[in-house]
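*Asks:* Mind folding the following:
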Amino acid sequence: MVSERDLQRKGADSTNWIDGPYNRWGFLHVRELARTILADQGYSVLVAGSATDAEQIAAKGSREIHLLLTDVVMPGVSGRELARRITARNGKMQVLFMSGYTDNVIAHGGVLEAGVAFLQKPFTPRALTNKVRELLDRPVSAKK
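*Replies:* Take a look at the predicted model:
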């Protein structure tokens with residue numbers, strides 16, 4: 001069910017996404033799947049193929065980015081470090097981490113602090129869109 005408020009806000013938010021379109025077996029990467037799901041819901045999605053690309057997109061500042069969706073574990077730099085760097089420039093940005101590891105392993109292994117916004121892979125389109133909407137509706141001061 002979609003509320004009137006959700007319909008009014010549809011397409012008003014931008015997300016920045018990092019991950020890498022087909023893997024070596026020919027399956028769509030999670031990045032492309034998430035981009036499709038979010039774009040179908042009216043979100044403007046900026047896609048980056050690496051942490052460096054994401055930082056460059058964020059630094060351009062040509063569009064306000066409301067949410068960073070990143071994997072916890074990536075080559076080169078962690079999702080946590082990427083989020084720290086990007087949110088240092090834009091304190092109003094929400095961050096949603098995802099991983100194939102369980103949130104319990106991520107939090108207890110010290111990879112992420114307990115209570116951060118986390119989405120367990122695999123996820124359904126509804127789980128992704130609900131989590132994104134929840135974060136975008138959250139007041140910035142309540143950000144975790």
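*Asks:* In the helix or strand encompassing Ile57, which residues are buried?
*Replies:* Here Ile57 is covered by helix 51-60, with elements defined by DSSP states H and E. Neighbour-count burial for helix 51-60, with 16 or more other Cβ atoms under 10 Å as criterion, is recorded at 51, 54-55, 57-58. From N, CA and C alone the C-beta is placed, and that goes for glycine too.
*Asks:* For it, name the packing helices and strands.
*Replies:* strand 14-18, strand 44-48, strand 67-71, helix 79-89 (3 or more Cβ pairs under 8 Å, 6 or more residues apart in numbering; DSSP states H and E).
*Asks:* Pipe these into a markdown table and attach mean pLDDT and mean neighbour count per row.
*Replies:* Converted to a markdown table, these look like this (pLDDT from 0 to 100; neighbours: other Cβ atoms under 10 Å):
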| stretch | mean pLDDT | mean neighbour count |
| --- | --- | --- |
| strand 14-18 | 51 | 23 |
| strand 44-48 | 90 | 18 |
| strand 67-71 | 92 | 24 |
| helix 79-89 | 92 | 18 |
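*Asks:* Out of the ones you listed, which is closest to Ala117?
*Replies:* strand 67-71 (9.1 Å; Cβ to Cβ).
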